[in-house]
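Asks: Following is a predicted model, sequence given first.
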Amino acid sequence: MERTLRISKIREGIVIDHIPGGKSLKVLSVLNIGEKSGYTVSVAMFVQSNRMKTKDVLKIESRFLEKSELDRIALIAPDATISVIKNYEISEKFTVEIPKRILGILKCNNQNCITNGREPIRPEFELLSRSPLVIRCIFCERNMGESEIHSSL
Amino acid sequence: MLERKSIVSIEDVSTEEMFEIFRVTDEMQGSIDKKKRLTSMSGRIMSTLFYEPSTRTRMSFEAAMHRLGGSVISMAEPKASSAAKGETLADSIRMFSSYSDIIVIRHPLDGAARLAAKFSSVPVINGGDGSGQHPTQTLLDLYTIYHSFSSIDGLKIAILGDLKYGRTVHSLVMALSRFDVEISLVSPPILRIPDYIKSRVQDNVKLREETDLNEVLSNCDVLYVTRIQKERFSDMNEYNSVIGTYSIDVSDVDKMKKNAMILHPLPRVDEIKPTVDYDPRSAYFKQAANGVPVRMALISLILGD
Ligand SMILES: Nc1ncnc2c1ncn2[C@@H]1O[C@H](COP(=O)(O)OP(=O)(O)OP(=O)(O)O)[C@@H](O)[C@H]1O
Ligand SMILES: [Mg+2]
Ligand SMILES: [Zn+2]
C-alpha cells in the first residue's frame, strides 16, 4: 500500500501507473513530451510496488491521450494503468492493451522491407505474443521482439 | 478454392489447395505430353513485372500462360521504366492491374508482393521478393518430391547451402513443416536459417542443424542443394569464406540411398558437379521442367475457366 502520494495531487490530467521500472522516460518520449512541450510532469522512478518489482509512475497535467498514444504506451508498458483525473478525482481508470493489429505507430526494423520506402501505406504488424513481446510485419513477415520494438518507437 | 486469390506466401496456400494444384499439374503435364492445344486462358492477359533479373521463373510463367492459350505482357527493364522515374510500386500496380487479369511480380524488397496484392484489383503471384518468399518454387519443389515418392510424409529431407538468404529455402521449410518429415539443415554457421523462419516451423517437425554434410548423406531421401548467392552478401570477405564449402560430386552421391533424389532450384554454380547429372538420382532438370505444368495449374485454378 502506498500510504501517501509521493507527488501532490493534480487537478486535471493523467496518471500512468505500473510502468516497468525505468521505462517512464521512454513513455514520455513516445508522447513527445520533452524539452519544449511545456507540460507539468511528475516522474517517479523505481518506486517499490507490490505487483511489480519496481515501477515508474507518470503524472502529466492538462494532457489527455489518444488511441494511438495508448497503443504506443502498451508496447512499452503492457500493464500500465491509466487514470484520468478531473477536478482532483479519478474520473476514468483503465489498463492499456496491445492491439492484435498494430497499425501505423512503428516502423519495421528490416531495412529491406518495402514499408521503409516511399510507398503510400502505414506499417502494419500482427501481435504474435504478449509475453515475451513479439510482433510480425505483415509485409516482410519478419518478427520484432521487445528491444527492437522499443528502439523503433 | 484458389479462385481470385493472390499467392504471396506459401502460407496463402492451404494443404488441401496444394494437393489440388498437384492433381491439376498431373493433368497439365498430360496435355503437354500429348501436345494437346489448350485454350482455357484464351483472351486472358498475364503481366510479368520483374524488378529483379530472372530467367527461369519468368520464362516458365510465360510458357505456362502461353500453353494455356493466354497472352503475356512484360515490363521492359525496370531501370528504364517507371520505377526508375520514382513511381511508387503501389501506383505501378494500380496501373498494371488494369491492363491484365493476373500479375506475377518479382521485386528486390521484402514484402513487395504483399504490398502489390493490396493495391492490385487482380490476383498477384509472388515470383520472389527480397530474401522473403518464393511460393511457386516451393510448389514445384513439393510437386517434384510428391510425384516421385507418392507422399511427403515420412521423408527425410536435407537442405544444403545458403539457408540464410535463400528465399526458396524459407518457403520450402515452412511448407514442409506441415508434413510429418525430418528436416536437416546443412550450412556454414554464418548461413544458418534465420530465427524468424525457424520460429514458424511447427513443433511436430524434427529439425536439425548441421555443418557436416556427411552426417546426412547416407540416410536422406531428398537432398535439396542451393547456391550460395553472391549478390546477397554485403561483405565480400564473408562471401569468400563460404563459397565452395560444399560441392556435391559422384563420391558423395555414392553414399546416398539408391532411391534418393537430388534437387536444386538452379542455376547452379559449383554446388553440384556436372558429372552428377548422369546419376539417376539427380532430378533438378526434371524439377525445373515441372515449373511449367505447376504454374499452368496455379494460373488455371486462380483464374478459373
Ligand atoms: N488527483 C490525483 N493527482 C495525482 N495522482 C492521483 C490523483 N488521484 C489518484 N492519483 C494516482 O493515480 C493512481 C491510481 O489511483 P488509485 O487510487 O486507483 O490507486 P491504487 O489503489 O494504488 O490502484 P492500483 O490498483 O491501480 O495500483 C495512483 O498512482 C494514485 O497515486
Ligand atoms: Mg497501487
Ligand atoms: Zn517489414
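Replies: Thanks, I have the structure now. Ligands and ions are numbered 1, 2, ... in the order given.

Asks: Could you find the residue in chain B that comes nearest to ligand 1?
Replies: Nearest to ligand 1 in chain B, going by CB to the nearest ligand atom, is residue B:199, at a distance of 34.4 Å. C-beta: built from backbone N, CA, C; applies to glycine.

Asks: Would you check that that residue makes contact with residue A:143?
Replies: Yes - between residue B:199 and residue A:143 there is a contact under CB atoms under 8 Å: 6.7 Å.

Asks: Which of those two has more residues huddled nearby?
Replies: Counted by other CB atoms under 10 Å in any protein chain shown, residue B:199 and residue A:143 do not tie: residue A:143 has more neighbours, with 21 against 12.

Asks: how near is the more buried one to ligand 3?
Replies: Distance, residue A:143 to ligand 3, using CB to the ion, to the nearest Å: 10 Å.

Asks: before we move on, which element is the residue lying closest to that residue once chain neighbours are set aside in?
Replies: In space, and not counting its chain neighbours, residue A:143 is closest to residue B:196: 4.6 Å by CB to CB, 6 or more residues apart in numbering or on different chains. Here residue B:196 is covered by helix B:195-198, with elements defined by DSSP states H and E.

Asks: That helix vs ligand 3: in contact?
Replies: No - judged by CB under 5 Å from the ion, helix B:195-198 makes no contact with ligand 3; its nearest approach is 10.5 Å.

Asks: which residue ranges form the helices in chain B?
Replies: For chain B, applying DSSP state H gives helices covering B:15-33, B:56-67, B:89-99, B:112-119, B:135-149, B:167-176, B:195-198, B:214-217, B:236-242, B:250-254, B:284-303.

Asks: I meant to write chain A there.
Replies: Applying DSSP H to chain A gives helices spanning A:24-30, A:67-76, A:146-152.

Asks: center of chain B - which residue?
Replies: residue B:137 (1.5 Å; CA atoms, centre = their mean).

Asks: burial of the residue nearest to that residue when sequence neighbours are not counted, as a residue count?
Replies: Leaving aside its chain neighbours, residue B:137 sits nearest to residue B:168 (4.7 Å; criterion: CB to CB, 6+ apart). By the criterion of other CB under 10 Å, residue B:168 has 24 neighbours.

Asks: How about the contacts made by residue B:168?
Replies: Listed by CB atoms under 8 Å, 6 or more residues apart in numbering or on different chains, the contact partners of residue B:168 are B:134, B:137-138, B:141, B:226, B:265.

Asks: Over to residue A:70?
Replies: By CB under 8 Å, 6+ apart, the contact set of residue A:70 is A:82, A:96.

Asks: Can you give me the distance of it to residue A:110?
Replies: The gap separating residue A:70 from residue A:110 is 26 Å, by CB to CB, to the nearest Å.

Asks: In CSV: the helices of chain A, plus distance to ligand 3 and mean pLDDT.
Replies: Listed next are the helices of chain A as CSV, based on distance: least, CB to the ion, whole Å; pLDDT from 0 to 100:
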stretch, distance to ligand 3, mean pLDDT
helix A:24-30, 20, 95
helix A:67-76, 16, 95
helix A:146-152, 11, 93
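
Asks: can you put those in a markdown table and add distance to residue B:20?
Replies: Output for those, formatted as a markdown table (distance: least, CB to CB, whole Å):
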| stretch | distance to residue B:20 |
| --- | --- |
| helix A:24-30 | 47 |
| helix A:67-76 | 40 |
| helix A:146-152 | 39 |
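
Asks: now for the ones you listed, which one comes closest to residue A:36?
Replies: Evaluated over these, closeness to residue A:36 peaks at helix A:24-30, with 12.5 Å, by CB to CB.

Asks: does the closest one come close to ligand 1?
Replies: No - judged by CB under 6 Å from any ligand atom, helix A:24-30 stays clear of ligand 1, getting no closer than 12.5 Å.

Asks: Identify each buried residue in that helix, please.
Replies: For helix A:24-30, a neighbour-count test (16 or more other CB atoms under 10 Å in any protein chain shown) marks A:24, A:26-28, A:30 as buried.

Asks: Over to stretch B:64-75?
Replies: Under 16+ other CB under 10 Å, the buried positions of stretch B:64-75 are B:64-68, B:70-72, B:75.

Asks: The closest residue to residue B:141 other than its chain neighbours: what's it in contact with?
Replies: Once flanking residues are discounted, residue B:141 sits nearest to residue B:172: 5.6 Å by CB to CB, 6+ apart. Residue B:172 makes contact with B:137-138, B:141-142, B:159, B:224, according to CB under 8 Å, 6+ apart.
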